[in-house]
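**Student:** Could you look at this predicted model? Sequence included:
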Amino acid sequence: MAASYICATVSFIGLALSLYALYVEHNLDLDINYQPMCDIASYVSCSKAFRSPFAEGLGVAPRILGADHILTQVCQIT
């Protein structure tokens, strides 16, 4: 029984982190000066990670498939 609570808790934390990452990415797209809470220091910055070449397709898919391939396009859900 305790294992199911642990699994549910870890799943909820993962969902919350994923939703926060989506929120940060969306706000970074809208406002270049947006400063998320996860930017702790210049060397610990989630906004730098979201803007890096490795943010989409781990940086590998665009190199292999090309930037205009359907699998390397950014999801345009707004």
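**Tutor:** Received, thanks. Residues are numbered from 1 along each chain as shown.
**Student:** Now residue 24: closest residue in space, sequence neighbours ignored.
**Tutor:** Here the nearest residue to residue 24 in space, its sequence neighbours aside, is residue 36; by CB to CB, 6 or more residues apart in numbering that works out to 4.5 Å. All C-beta atoms are positioned from the backbone trio N, CA, C, and that covers glycine.
**Student:** how close does residue 34 get to residue 48?
**Tutor:** Using CB to CB, to the nearest Å, residue 34 is found at 13 Å from residue 48.
**Student:** returning to what we had before: is it correct that the residue nearest to residue 24 is in contact with residue 44?
**Tutor:** No - when contacts are counted by CB atoms under 8 Å, residue 36 is not listed as touching residue 44 (11.7 Å).
**Student:** which residues touch the residue most central in space within the chain?
**Tutor:** The geometric centre of the chain, computed from its C-alpha atoms, lies nearest to residue 21 (CA atoms, centre = their mean), at 4.7 Å. Contact criterion CB atoms under 8 Å, 6 or more residues apart in numbering gives 46, 50 as the residues in contact with residue 21.
**Student:** ditto for the one 3 residues further on
**Tutor:** With CB under 8 Å, 6+ apart as the criterion, the residues that contact residue 24 are 34, 36, 38, 46-47, 50.
**Student:** which element follows the helix or strand harbouring residue 13 toward the C-terminus?
**Tutor:** For residue 13, the enclosing helix or strand under DSSP states H and E is helix 2-30. Remark: after helix 2-30, the chain's next helix or strand is helix 46-51, criterion DSSP H and E.
**Student:** Please tell me how far that following helix is from the chain's geometric centre.
**Tutor:** Relative to the centre of its chain, helix 46-51 is centred 8 Å away, using CA atoms, centre = their mean, to the nearest Å.
**Student:** ok, now stretch 19-27?
**Tutor:** Distance, centroid of stretch 19-27 to centroid of chain: 7 Å (CA atoms, centre = their mean).
**Student:** who's in contact with stretch 31-48?
**Tutor:** Residues from elsewhere that reach stretch 31-48 (CB under 8 Å, 6+ apart): 20-21, 24, 27-28.
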